[in-house]
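Enquirer: Give me the fold of what follows.
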Amino acid sequence: MKNHLIRFATMAALAAGMAFSQDAAPAPTPQPPQAGTTRLRAGVRRRLLQALGLSDAQKQQAKTIFQQARQSAQPLAAQLQQNRQALAAAVKANDTAQIQQLSAQQGTLHGQVLAIRSEAMAKLYAILTPEQRTKADQIQQNIQQRIKQRQG
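Expert: Just a heads-up that it's a prediction; the model follows:
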């Protein structure tokens, strides 16, 4: 009996020592609100391009298309961030007129970014072969079905 108690006490002491000796998990680094979305889009775009089986020339064209789109959207991203900050300040000040104006401006900026992305995808679609277009359409349908399943 005494032997069991000594073993139990030893194990408890070891477990406590191991628990206290571990470093605390590092705090997650705060990221800009859009960083996760941007990485998600990049991952989806990369998987899409791989699934389509693009030729080297098409890959280069796609890279150019998306670089141009990113450069076009960059100033808008800065405006969106400034507008979000101004909107947060208007909310804190309870300035309803400013909230309405900044919200409308935010919608316009989001629409412009969406147009840039959509134009880039249209340019990509234009360089695809008929087989690749069919595959792209199937992928798009699968995505829409998954969205509906998640919403329903």
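Enquirer: where does Gln100 land in three-state SS?
Expert: Secondary structure, DSSP: H, G, I helix; E, B strand; the rest coil: Gln100 is helix.
Enquirer: what's around it, how many residues?
Expert: By other Cβ atoms under 10 Å, the residues close to Gln100 number 11. Placement of C-beta: from N, CA and C, glycine included.
Enquirer: buried ones in the helix ranked longest in the chain?
Expert: Longest helix in the chain, counting residues (DSSP state H): helix 56-93. Buried positions in helix 56-93, judged by neighbour count with 16 or more other Cβ atoms under 10 Å: 58, 61-62, 65-66, 69, 72-73, 76, 79-80, 83, 86-87, 90.
Enquirer: need the contact list for the closest residue to Asn83 other than its chain neighbours.
Expert: With sequence-adjacent residues excluded and distances taken as Cβ to Cβ, 6 or more residues apart in numbering, Asn83 is closest to Gln106, at 5.2 Å. By Cβ atoms under 8 Å, 6 or more residues apart in numbering, the contact set of Gln106 is 80, 83-84, 87.
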